[in-house]
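K.L.:
need coordinates for the below:
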Amino acid sequence: MSAEQAAVLSITDQWGVAMITLNRPDKHNAFDDKVIGELHSALEDVAERGDVRVLILAAEGRSFSAGADLQWMQRMVDLDYESNLADARLLAAMLERLNTMPMPVIARVNGAAYGGAVGLVSCCDIAVASERALFSLSEVKLGLIPATVGPYVVKAIGERAARRYFLTGERISAEDALALGLVSELVDEQQLDEAVEKHVQTFLANSPAALSAAKQLIADVADRPVDEHIIEHTSKLIASIRVSKEGQEGLRAFLEKRKPGWAQ
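P.N.:
Alright, predicted model coming up:
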């Protein structure tokens, strides 16, 4: 399949920075089963590689993603419950793969992000958005709900805000998205790449193993009581990483006042 035909592009540079790009600008990068499948495959490939330290999720054209493709939605109308369930599971699996990537993930939000695209942004660790970006969970206007993206969006913006935006389907400005926590940083459109690169360089200065372990730590302890199990679990985690190869290198580099090996 040529790059022109691919709905999703994936490249990795010599520094271990991967970029996965939605590549349907003429369709505003709308989802269909082909896009979902290609995106899931690209994410799996990046996750399994040992040389990728940072992932950027980006999009071609003026929109990040318009959500569900109209032709795909038309096909769903004509399918039965079991077929719709199978289709939904494919989207859910792709979102979970993105949500659990072992390396830091930065969303480069260049424009409108609607429906499922809000889920993509919510699954990333950092979202840098253009000031002209817009967001919407407009499923209720079509008689639907943002089901598969729901868990990730609720974690990103909180239950109270979800009660508003899931039920109204109204547009969310870039400024409101920043206030909600959906977006981490807003910049002028011309400064988007520079802002993303700043975060990339920050991540490259940090231990790859520690970054992965830190992401897993958050997943382990979020929304859970600090009980004996969590205390013991986190104690074992810090002990393990202190004696790990990168933990030892990081501590020695700090004491010797030099850069650790991964930052050189």
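K.L.:
for Val109, list the residues it contacts.
P.N.:
64, 121, 127-130, 133, 183 (Cβ atoms under 8 Å, 6 or more residues apart in numbering). Backbone N, C-alpha and C define where each C-beta goes, glycine included.
K.L.:
going by distance to Ala92, which of the residues you listed wins?
P.N.:
Closest to Ala92 out of the contacts of Val109 is Val121 (16.4 Å), distances taken as Cβ to Cβ.
K.L.:
just the strands in the stretch 51-200 of the chain please.
P.N.:
Applying DSSP state E, counting those that start in this stretch to the stretch 51-200 of the chain gives strands spanning 54-59, 105-109, 113-114, 126-130, 134-136, 171-173, 185-187.
K.L.:
Glu249: which of the ones you listed is closest?
P.N.:
Short answer: strand 54-59, nearest of the strands of the stretch 51-200 of the chain by Cβ to Cβ, at 19.2 Å.
K.L.:
okay, now the sheet partners of the closest one, with direction.
P.N.:
strand 17-22 (parallel), strand 105-109 (parallel) (DSSP bridges).
K.L.:
nearest to Ala205, of those strands?
P.N.:
strand 17-22 (12.9 Å).
K.L.:
mind listing residues that contact that closest one?
P.N.:
7-12, 29, 35, 39, 42-43, 46, 49, 52-60, 64-65, 200, 204.
K.L.:
can you map out the helices along this protein?
P.N.:
Secondary structure of the chain (DSSP state H): helices at 33-48, 70-77, 81-99, 116-123, 150-157, 159-168, 174-180, 192-204, 208-221, 228-242, 245-255.
K.L.:
for the longest one, which positions count as buried?
P.N.:
Within helix 81-99, the residues that qualify as buried are 87, 91-92, 94-95, 97-99, counting by 16 or more other Cβ atoms under 10 Å.
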